[in-house]
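Trainee: I'd like to go over a predicted model; first the sequence, then the structure.
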Amino acid sequence: MDRNQQHQSYSLGMWIFLGSELMLFGGLFLAYSYGRFYHQSEFARASLQLEWLLGAVNTAVLLTSSTVMAFAVDRGERGDRGGAARRLWLTALLGLVFLGIKGYEWSLEHSQGVVGERLFFFFYFTLTGLHAFHLTLGVLAVLFFAWRAGYRSADEIMILGLYWHLVDLLWFFLYPLLYLIGTRP
Amino acid sequence: MTSYLSGPVSWKAWLLTEDHKRIAWLYLISISVFFVIGGLAATLMRLELATPAGDLVEADIYNRLFTLHGTVMVWLFLIPAIPNTLGNFLLPLMIGARDVAFPRLNLLSWYVFSAGGLLVLWSLLAGGVDTGWTFYTPYSTTYTNSHVILMAAGIFVTGFSSIFTGLNFMVTIHKMRAPGMTWFRMPLFCWSLYATSLIMVLATPVLACTLILIAAERLFGVGIFDPALGGDPLLFQHLFWFYSHPAVYIMILPGMGVVSEILPCFAGRPVFGYAYIAVASLAIAVLGFIVWGHHMFVSGQSLYAGLIFSFLSFLVAVPSGIKVFNWTASLYKASIRLQTPMLYALGFIGLFTIGGLTGLFLATLAVDVHLHDTYFVVAHFHFIMVGGMLMAYLGGLHFWWPKMTGRLYHEGLGKMSALLIFLGFNLTFMPQFLLGYLGMPRRYHSYPPEFQLYNLLSSAGATFLAVGYLLPLTYLTWSLFRGTRSEENPWDAHHGLEWAASSPPPAHNFVEPPRLEDLDWGMAPLLTSVRLGGAL
Ligand code: HEM
Ligand SMILES: [Cu+2]
């Protein structure tokens, strides 16, 4: 297998993997929709207990991280290894900030206790937990790439970027579905 | 030229191998073990059903037996059966590659599969599960006290091996074909593997998510599926069948691929309608995703949903029909050699046709109200899964055995077992159509005496079937050590790059990477014009 063929393989493999991921989350979203359909007002009320502002900040953080990641990919393509590495460090940092805020939210919910509608909170914890798990893997990979940027090709950074953007994209669905479905006074 | 078998032979070399051909053997051994376990459960069930009274095992044990049988046979045998053994071995050879795209992922797939299999066995030793392989809620989440979570965890884990293999095969087919091996020159087996992989990659994650939800409802009592907790059992059935209907095509498409390779070889002519068969595989994979509701005609889904699912189910039979007609046409005026693999392939065509047609009966709304959850359904899917897929698996195993091992098996014994299996199969499952039609429900350990004759016939057939399976197990194993050495192309196959490699192939498959651009491919996009070996 020559290098070019190898990169094409990795890239295609990543796309297929992302398709698989979408189906996994898709099933969970379907189950969420059922729950919300049957318990509309309970879901809305439960959603009000979430810290929407922290969620909004986190959305902004992730969006920024994706932008930075896009710049890292661009640097990689121009052959600027150092520039790519610096942007990867920043991406990982933003990912960590997201995880920190998310962890803080969870600890708030844990200490204050959330009430009512177990189903909603089951979806909340499962979906955000699964998302955070994916993001953690992403952060680890980005850190590794940033550390070894000199040995990574532009294509590999691009493939990592694909994954990062998907994890990002999932959050853009999770945020409104979980945080924004209640009417605030 | 040392073969892939005569390289390093230590345990370590085998257990850490990244050679697709050795990984195929790892899978072959694992699934054979699971097949025997699943078969033992079936034997006990058929023994119990020989008499109307529930005398051998109690109802509760019987429930655990059929759950074990279904789970093991579906997830630990049939789904990996052809893709992970024959597919792993042949795909790179057939497209002229040195290996699959991700050899290490391939090995990981086997480890993950084994880990999942062990979890399922653990659940078995812990006392088993009594829900049936379908895990219907709310029984599985609220009422049963059996080891649902353990078994679900096992299936969840094996799911990843499916995803890994599917991903690997898709990338391999897209990116690793030798120069000149265009899509429409690929063997039909590769097309069927591609279609199978598509399903593995897109359907399996939905099963994973369903199993997570089952575990959550069992552990935390959140109301997802159980109406008493505010959930909806239909959601479970939608999710489960969204995976499991496509999964039944994982369990038949590779078999169709094998038959599409065996037939032309022993009919001595290219397969009729190559492109139609190739595209039909994809059509089945795609259409298979939108028919799941035919399992739910009587579960309370809306009438309109039922009508649409019924219509779509008829549609999915069309590409299967196209294949059957093409295979049959391939036999027209051919000089047919009735060797063992061909016997299996012919058996496949007949039995698959019956299985598929009875699927149409079941897809008819009014008829299904009568037949749902009777032995008719059991007979329907055994005709496809055992009569179709298992026959194809055995046919393929015999066909490529000389290639995989470098040895020939005893042809006489081979033919005899194939016939025995064919007859035993029909005796076992034909009566079940009648039983179902007469109204005998599935999944009971006792039944009214008037059903005894057909049940007895079925149990008798199962005995022949068991002997039929033990025979190949014995003579194939024997041939591993004592069989006559095979040459490169023992069947005089006229196409298929795999026959160009030595038997058994060297570790890197081809001495030189095959270049196929300049070959005259002729009318048939297969290697008819190439006496391989010489041409490469
Ligand atoms: C020709 C296309 C097919 C059609 C139209 C079809 C139709 C159906 C229908 C309507 C049912 C539900 C019957 C009921 O529960 O009342 C059913 C059950 C089943 N079919 Fe098929 N089928 C087809 C092909 C296959 C194939 C290729 C396989 C397997 C390789 C398969 C395996 C099964 C299984 C396992 C069940 C029973 C599931 C259970 O309840 O345990 N079918 N089929
Ligand atoms: Cu189905």
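Mentor: Great, that's in hand. Ligands and ions are numbered 1, 2, ... in the order given.
Trainee: now do the contacts for the residue nearest the centre of chain A.
Mentor: Centre of chain A computed as the mean C-alpha position; nearest residue by C-alpha atoms, centre = their mean is residue A:167, 3.3 Å away. For residue A:167, the contact set (C-beta atoms under 8 Å, 6 or more residues apart in numbering or on different chains) comprises A:131, A:134, A:135, A:138. The C-beta positions use only the backbone N, C-alpha and C, and glycine is treated the same way.
Trainee: what is the helix or strand where the third one lies packed up against?
Mentor: Here residue A:135, judged by DSSP states H and E, is contained in helix A:118-147. Based on contacts counted as 3 or more C-beta pairs under 8 Å, 6 or more residues apart in numbering or on different chains; DSSP states H and E, the elements that helix A:118-147 packs against are helix A:3-38, helix A:40-48, helix A:81-112, helix A:154-179, helix B:188-220.
Trainee: got a list of contacts for the lowest-mean-pLDDT helix or strand in chain A?
Mentor: Ranked by mean pLDDT, DSSP states H and E, the weakest helix or strand in chain A is helix A:40-48, scoring a mean of 92. Here helix A:40-48 makes contact (C-beta under 8 Å, 6+ apart) with A:35-36, A:114, A:116-117, A:119-121, A:124, A:178-184.
Trainee: buried set for the helix holding residue A:135?
Mentor: A:118-124, A:126-128, A:130-132, A:134-135, A:138-139, A:141-143, A:145-146 (16 or more other C-beta atoms under 10 Å in any protein chain shown).
Trainee: now it against helix A:3-38, angle please.
Mentor: Helix A:118-147 and helix A:3-38 are oriented at 160 degrees to each other (axes from the mean of the first three to the mean of the last three C-alpha atoms, to 10 degrees).
Trainee: tilt between helix A:118-147 and helix B:188-220?
Mentor: Going by the same axes, to 10 degrees, helix A:118-147 makes 130 degrees with helix B:188-220.
Trainee: pull the contacting residues for the nearest residue to residue B:422 once chain neighbours are set aside.
Mentor: Nearest residue to residue B:422, sequence neighbours excluded (C-beta to C-beta, 6 or more residues apart in numbering or on different chains): residue B:347, at 4.6 Å. Residue B:347 is in contact with B:387, B:391, B:395, B:418, B:421, B:422, B:425, counting by C-beta under 8 Å, 6+ apart.
Trainee: what about residue B:347, helix or strand, and which?
Mentor: Take DSSP H and E as the rule and residue B:347 turns out to sit in helix B:340-363.
Trainee: right, is the helix or strand just after that helix up against ligand 1?
Mentor: Once the chain leaves helix B:340-363, the next helix or strand it forms, by DSSP H and E, is helix B:365-371. Yes. Against ligand 1, helix B:365-371 shows contacts by C-beta under 6 Å from any ligand atom at B:368, B:371.
Trainee: can I get the CA coordinates of helix B:365-371 in CSV?
Mentor: Taking C-alpha atoms only, helix B:365-371 is exported to CSV below (Å, rounded to 0.1, in the frame of the first residue of the first chain):
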residue,chain,number,x,y,z
LEU,B,365,-51.2,-8.4,6.0
ALA,B,366,-54.3,-10.6,6.3
VAL,B,367,-52.3,-13.9,6.0
ASP,B,368,-49.8,-12.8,8.7
VAL,B,369,-52.6,-12.3,11.2
HIS,B,370,-53.1,-16.0,11.0
LEU,B,371,-49.4,-17.0,10.7
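Trainee: just checking, what packs against that helix?
Mentor: helix B:303-330, helix B:340-363.
Trainee: re earlier: in CSV: the contacts of residue A:167, plus distance to residue B:334 and pLDDT.
Mentor: As requested, those are exported to CSV (distance: C-beta to C-beta, whole Å; pLDDT from 0 to 100):
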residue, distance to residue B:334, pLDDT
A:131, 57, 97
A:134, 54, 97
A:135, 59, 98
A:138, 56, 97
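Trainee: picking that back up, from the chain's centre, how far out does the helix holding residue B:347 sit?
Mentor: The chain centre lies 14 Å from the centre of helix B:340-363; the measure is C-alpha atoms, centre = their mean, to the nearest Å.
Trainee: for stretch B:497-505, same thing?
Mentor: 25 Å.
Trainee: cool, and stretch B:422-435?
Mentor: For stretch B:422-435, the distance to the chain centre is 20 Å (C-alpha atoms, centre = their mean).
Trainee: one more: stretch A:119-131?
Mentor: Per C-alpha atoms, centre = their mean, the centroid offset for stretch A:119-131 relative to its chain is 14 Å.
Trainee: for that stretch, list the C-alpha coordinates in PDB.
Mentor: Taking C-alpha atoms only, stretch A:119-131 is exported to PDB below (Å, rounded to 0.1, in the frame of the first residue of the first chain):
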ATOM      1  CA  LEU A 119     -36.700  10.000  31.700                       C
ATOM      2  CA  PHE A 120     -35.600  13.400  30.700                       C
ATOM      3  CA  PHE A 121     -32.600  13.300  33.000                       C
ATOM      4  CA  PHE A 122     -31.700   9.800  31.800                       C
ATOM      5  CA  PHE A 123     -31.500  11.200  28.200                       C
ATOM      6  CA  TYR A 124     -29.700  14.200  29.500                       C
ATOM      7  CA  PHE A 125     -27.000  12.200  31.300                       C
ATOM      8  CA  THR A 126     -26.700   9.500  28.600                       C
ATOM      9  CA  LEU A 127     -26.500  11.900  25.700                       C
ATOM     10  CA  THR A 128     -24.100  14.400  27.300                       C
ATOM     11  CA  GLY A 129     -22.100  11.600  28.800                       C
ATOM     12  CA  LEU A 130     -21.700   9.800  25.500                       C
ATOM     13  CA  HIS A 131     -20.800  13.100  23.900                       C
END
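Trainee: hmm, who's touching that stretch?
Mentor: Stretch A:119-131 has contacts (C-beta under 8 Å, 6+ apart) with A:25, A:28, A:31-32, A:35, A:39, A:42-43, A:46-47, A:50, A:102, A:106, A:114, A:167, A:170-171, A:174, A:178, B:212, B:216, B:220, B:222-224, B:230-231.
Trainee: which positions in chain A make contact with chain B?
Mentor: Counting by C-beta under 8 Å from any C-beta of the partner chain, chain A comes close to chain B at A:1, A:5, A:8-9, A:12-13, A:16-17, A:19-21, A:23-28, A:30-31, A:34-35, A:38-39, A:118-119, A:122, A:126.
Trainee: could you redo the last one with a cut-off of 6 Å?
Mentor: A:5, A:8-9, A:12-13, A:16, A:20, A:23-24, A:27-28, A:31, A:34, A:118-119, A:122 (C-beta under 6 Å from any C-beta of the partner chain).
Trainee: which of those count as buried?
Mentor: A:8-9, A:12-13, A:16, A:20, A:23-24, A:27-28, A:31, A:34, A:118-119, A:122.
Trainee: so what's residue B:34 scoring on pLDDT?
Mentor: Note on residue B:34: pLDDT of 97.
Trainee: check whether the helix or strand hosting it comes into contact with ligand 1.
Mentor: Assigned by DSSP H and E, residue B:34 falls within helix B:20-48. No. Using C-beta under 6 Å from any ligand atom, helix B:20-48 never reaches ligand 1; the gap is at least 14.0 Å.
Trainee: same for that helix, what does it pack against?
Mentor: If contacts are counted by 3 or more C-beta pairs under 6 Å, 6 or more residues apart in numbering or on different chains; DSSP states H and E, helix B:20-48 sits against helix B:59-71, helix B:88-95, helix B:103-125.
Trainee: how far off helix B:88-95 does it point, in degrees?
Mentor: 130 degrees.
Trainee: quick one: distance of helix B:20-48 to the chain centre.
Mentor: Chain-centre distance of helix B:20-48: 12 Å, with C-alpha atoms, centre = their mean.
Trainee: sorry, back to before: biggest separation within the residues of chain A next to chain B, which pair?
Mentor: A:5 and A:118 (50.6 Å; C-beta to C-beta).
Trainee: can you pull the residues of the stretch 151-300 of chain B lying near chain A?
Mentor: Residues of the stretch 151-300 of chain B lying near chain A (C-beta under 6 Å from any C-beta): B:163, B:167, B:170-171, B:174-175, B:201-202, B:205-206, B:209, B:213, B:222-223, B:232, B:235, B:239.
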